[in-house]
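**Student:** Need a 3D model of the sequence below.
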Amino acid sequence: MLRPINLISVLCTAALLVACGDTLQVKSDADATPFGGACFERECGPDGLGGSCGTCFGGLACVGGKCKDLSLLGQDVTDASNPADSDAPELDLPFDPPKGEGYVLPEVADPQADSDEDGFKDGVDNCPYDFNPSQLNSDDDEGGDACDPDDDNDSDPDATDCDPKNPLINHLVPEMCDGIDNNCNQQIDEGGALGCIPYYIDLDHDGFGVFETKQCLCDGLTLDTCIKFGDCNDNDPNLSPGAAEVCDDVDNDCDGIIDESCDEDGDGWCNIHIPVIGFPSICPFGPGDCYDGSEAVNPGMLEDPSDGADNNCDGQVDEPIQCPGLCTGHTIDAYLCSLEMCFGPAIISANFSSPTGDNVNSAWEAVSHFGNAGNDLAPYGGNSYGLLATGPATGTSHSSDLSGGGGIPDPYSNDGYTTHDNVEFKVVMKAPTNALGFSIDYIFFSEEYEEYIGTSFNDKFYMILKAPVTTGNSNKVVNTTSCSNPNSYYDFIENGEKKCYIAINTAFSEPCSNPKTNISGTGYECGSPDSAHGSSTGWLVTSHEIQGGEQFELTFHIHDTSDGIFDSEVILDNFHWLSQPFTPGTASHD
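**Tutor:** Below is the predicted model of the structure:
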């Protein structure tokens with residue numbers, strides 16, 4: 001009787017791989033052998049895809065896809081290869097056992113003789129010339145074991161076969177993970193044996209190794225190995241096929257794709273449900289996209305109050321565009337609020353300063369109204385606006401030199417006059433993704449009106465834009481107009497036309513003979529030519545292009561020219577983004 005092969009260990013290895021959560025795939029390398037069959041009506045054995053149909057326990061082995069006790073079958077394993085024997089067990093083996101041609105007896109001279117004197121006549125003796133009273137014939141060919149040079153008919157002669165009675169153990173079969181030296185090389189369950197488990201070096205102990213370190217072992221799991229085809233960085237436990245993808249310019253889950261699902265709609269904003277580290281290249285604008293299926297929805301969008309969507313991802317749908325909080329007073333947040341700039345994600349920074357080194361504390365304020373309640377200076381946007389002056393911003397006295405500071409040349413005008421009391425409000429902000437430009441309302445007042453028109457006392461108000469794309473990262477004054485008298489004064493020539501910056505020389509200046517705008521109670525209203533009277537430009541609006549999503553710097557600058565008295569002032573109001581086509585430039589509200 002030949003000992004039955006121990007298939008339990010072989011099949012358990014496949015079950016172990018499935019239990020670890022792996023879906024095996026046969027690869028065309030040296031240690032990958034495809035299994036045949038499927039799991040229909042099978043309770044054990046390989047499934048043919050590198051997995052298992054089930055595992056037999058309690059001393060049972062898998063025979064013909066069923067769990068059976070081989071010790072109770074009472075049959076040689078060679079019977080399994082005899083198709084005529086319907087009771088023979090069908091063994092599931094991951095290889096075809098080698099089979100010899102069988103031993104053929106020599107012809108006998110006298111069938112009635114007993115040449116080997118073993119009690120069997122030569123005509124019926126399976127070894128007529130070798131004493132073998134047991135007539136043992138392990139492989140059921142013509143010759144018995146006494147004379148057969150290959151007792152198990154496995155093509156490996158008995159002289160070299162380490163188990164000459166077992167056709168499944170010889171030099172010609174592959175090693176299997178079963179605790180036996182199957183291939184007679186004096187090693188048991190060496191690397192690469194059938195049923196081995198692929199192991200990988202796992203230096204960062206994240207449960208995944210790298211493919212290049214693959215070893216297929218029957219039993220080799222240690223602290224530095226694992227059974228998991230895929231770690232793309234074995235020095236970082238945060239990178240493995242089991243890791244969640246993070247938006248960080250790194251392939252966290254080792255699938256060969258960087259930052260997948262971070263920005264499905266391609267609008268440059270990362271999905272709000274996926275962690276974001278820094279500003280990865282796939283979403284340079286940052287995180288917070290509340291609907292990653294539309295490029296028209298992200299934190300950088302303008303809210304459309306009529307489409308039923310949360311366009312700017314602030315948690316509100318179709319809310320009116322207005323600033324929250326207190327919009328009057330002497331704080332930067334109140335000043336931004338008064339201009340409708342809405343301190344928040346779009347505003348990177350904001351501050352007041354003086355290029356001439358003056359003390360500007362009294363030169364700005366956020367107020368609900370300037371001058372008499374019945375004048376023409378009601379806010380255009382919200383309930384307040386910002387004041388910016390070359391002297392005290394509030395009150396009616398406008399002929400005082402700001403303390404400190406001195407004089408500097410004007411970098412934009414070619415008149416050569418020295419500037420004094422320079423006051424600036426500089427804002428760094430990011431345009432919404434769908435913005436085409438911006439617009440702001442303002443009105444310029446000056447005590448220099450109107451007796452100093454055409455003279456060196458030409459106080460000015462600049463809106464200076466600096467943007468990487470829109471202005472090539474250069475400073476550009478964007479509020480320019482025609483001149484009141486270009487033959488006597490102009491600042492520059494554009495397309496053959498003499499042009500002026502916003503100052504008392506602009507064509508919008510309202511002469512006191514017939515001022516269109518009621519500015520009573522401001523201290524700048526028309527009257528005797530003195531330091532307590534002046535005029536204004538009337539309400540103006542300037543619109544200018546901007547690149548959607550661009551971070552830029554906008555500076556509101558006002559100064560006295562040639563001296564520090566006879567102040568000038570500007571009201572700033574109703575800053576808003578433009579998302580529809582428009583004509584850039586400066587125009588009167590009238």
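
**Student:** Could I get the average pLDDT for the longest strand seen in the chain?
**Tutor:** When every strand of the chain is counted residue by residue (DSSP state E), the longest turns out to be strand 418-430. Across strand 418-430, pLDDT averages out at 96.

**Student:** ok, now stretch 512-531?
**Tutor:** pLDDT averaged over stretch 512-531 gives 90.

**Student:** Spell out, range by range, the strands that occur in the stretch 201-350 of the chain.
**Tutor:** Applying DSSP state E, counting those that start in this stretch to the stretch 201-350 of the chain gives strands spanning 215-217, 225-226, 269-271, 286-289, 347-353.

**Student:** Strand partners (parallel or antiparallel) of the third one?
**Tutor:** Paired with strand 269-271 in the same sheet, following DSSP bridges, are strand 286-289 (parallel).

**Student:** which other residues reach the strand it pairs with?
**Tutor:** 247, 263, 265, 267, 269-272, 274, 276, 279, 283, 297-299, 313 (Cβ atoms under 8 Å, 6 or more residues apart in numbering). In short, each C-beta sits where N, CA and C put it, glycine included.

**Student:** filter these to the buried ones?
**Tutor:** Among those, those that count as buried by neighbour count (16 or more other Cβ atoms under 10 Å) are 247, 263, 265, 267, 269-271, 274, 276, 279, 283, 297-299, 313.

**Student:** Mind telling me the two of these farthest from one another?
**Tutor:** 279 and 297 (19.4 Å; Cβ to Cβ).

**Student:** Lowest mean pLDDT among the helices and strands of this structure, which one is it?
**Tutor:** Every helix and strand of the chain was ranked by mean pLDDT, DSSP states H and E. The lowest is helix 8-19, at a mean of 31.

**Student:** need the strands for the stretch 351-500 of the chain, in chain order.
**Tutor:** 364-367, 385-389, 408-409, 418-430, 437-446, 460-466, 476-477, 480-482, 492-494, 497-503.

**Student:** Which one of these lies nearest to residue 235?
**Tutor:** strand 418-430 (36.9 Å).

**Student:** counting contacts, what elements does the closest one pack onto?
**Tutor:** Other helices and strands packing on strand 418-430, by 3 or more Cβ pairs under 8 Å, 6 or more residues apart in numbering; DSSP states H and E, are strand 347-353, strand 385-389, strand 408-409, strand 551-561.

**Student:** Just the helices from the stretch 251-400 of the chain, written as ranges.
**Tutor:** 332-338 (DSSP state H, counting those that start in this stretch).

**Student:** got any ranges where it has weak pLDDT?
**Tutor:** Along the stretch 251-400 of the chain, the parts satisfying pLDDT under 70 run over 305-306, 320-322, 324, 343-345.

**Student:** ok, 90 please
**Tutor:** Along the stretch 251-400 of the chain, the model assigns pLDDT under 90 to residues 252-256, 267, 278-279, 285-286, 294-296, 298-312, 314-326, 341-346, 381-382.

**Student:** quick one on the thing from earlier: most neighbours per residue, which of the helices and strands packed on strand 418-430?
**Tutor:** Ranked by mean neighbour count, those are led by strand 385-389 with a mean of 26 (mean count of other Cβ atoms under 10 Å).

**Student:** between the buried ones among the contacts of strand 286-289, which is nearest residue 127?
**Tutor:** Closest to residue 127, out of all of these and judged by Cβ to Cβ, is residue 274, at 78.5 Å.

**Student:** my read: the closest one touches residue 262, true?
**Tutor:** Yes: under the criterion of Cβ atoms under 8 Å, residue 274 makes contact with residue 262 at 5.6 Å.

**Student:** Residues that sit against both of these two, list them.
**Tutor:** 245, 247.

**Student:** Among the contacts of strand 286-289, which pair sits farthest apart?
**Tutor:** 279 and 297 (19.4 Å).

**Student:** Spatially central residue in this structure, please.
**Tutor:** residue 247 (2.7 Å; Cα atoms, centre = their mean).

**Student:** Bridge partners for it, pull those for me.
**Tutor:** residue 276.

**Student:** Residues contacting stretch 511-524, please?
**Tutor:** 370-372, 374-377, 395-398, 443, 445-447, 449-450, 510, 525-527, 532-536, 538-539, 569, 590.

**Student:** Buried ones among these?
**Tutor:** Applying 16+ other Cβ under 10 Å to the contacts of stretch 511-524 flags 370-371, 375-377, 398, 443, 445-447, 449-450, 510, 525-526, 533-536, 538-539, 569 as buried.

**Student:** Next one: the residue nearest to the centre of the chain from residue 262, what distance?
**Tutor:** Distance, residue 247 to residue 262, by Cβ to Cβ, to the nearest Å: 4 Å.

**Student:** shared neighbours of these two, which are they?
**Tutor:** Joint contacts of residue 247 and residue 262 (Cβ under 8 Å, 6+ apart) are 270-271, 274, 276, 280, 282-283.

**Student:** Mind putting those into JSON lines with distance to residue 194?
**Tutor:** Formatted as JSON lines, the shared contacts of residue 247 and residue 262 follow (distance: Cβ to Cβ, whole Å):
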{"residue": "270", "distance to residue 194": "48"}
{"residue": "271", "distance to residue 194": "46"}
{"residue": "274", "distance to residue 194": "43"}
{"residue": "276", "distance to residue 194": "48"}
{"residue": "280", "distance to residue 194": "46"}
{"residue": "282", "distance to residue 194": "45"}
{"residue": "283", "distance to residue 194": "49"}
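
**Student:** Select, from the residues you listed, the two members most distant in space.
**Tutor:** Longest span within these, Cβ to Cβ: 271 and 280, 11.8 Å.

**Student:** overlap in contacts of the two?
**Tutor:** With Cβ under 8 Å, 6+ apart as the test, residue 271 and residue 280 both reach 247, 262.

**Student:** quick one: which of the strands of the stretch 351-500 of the chain is nearest residue 350?
**Tutor:** strand 418-430 (4.6 Å).

**Student:** Report the angle between the closest one and strand 551-561.
**Tutor:** 160 degrees (axes from the mean of the first three to the mean of the last three Cα atoms, to 10 degrees).

**Student:** and strand 418-430, how far from the chain's centre?
**Tutor:** With Cα atoms, centre = their mean, to the nearest Å as the basis, strand 418-430 stands 39 Å off its chain's centre.

**Student:** Count the residues that sit near the residue lying closest to residue 397 once chain neighbours are set aside.
**Tutor:** Nearest residue to residue 397 in three dimensions, chain neighbours excluded: residue 523, at 6.2 Å (Cβ to Cβ, 6 or more residues apart in numbering). By other Cβ atoms under 10 Å, the residues close to residue 523 number 24.

**Student:** Tell me the spacing between residue 523 and residue 422.
**Tutor:** 21 Å.

**Student:** try residue 440
**Tutor:** From residue 440 across to residue 422, the span is 20 Å (Cβ to Cβ).

**Student:** residue contacts, the closest residue to residue 258 other than its chain neighbours?
**Tutor:** Closest residue to residue 258 apart from its sequence neighbours, by Cβ to Cβ, 6+ apart: residue 251 at 4.9 Å. The contact partners of residue 251, taken as Cβ under 8 Å, 6+ apart, are 232, 239, 257-258.

**Student:** Could you do residue 206 as well?
**Tutor:** 231, 237-240, 242-243.
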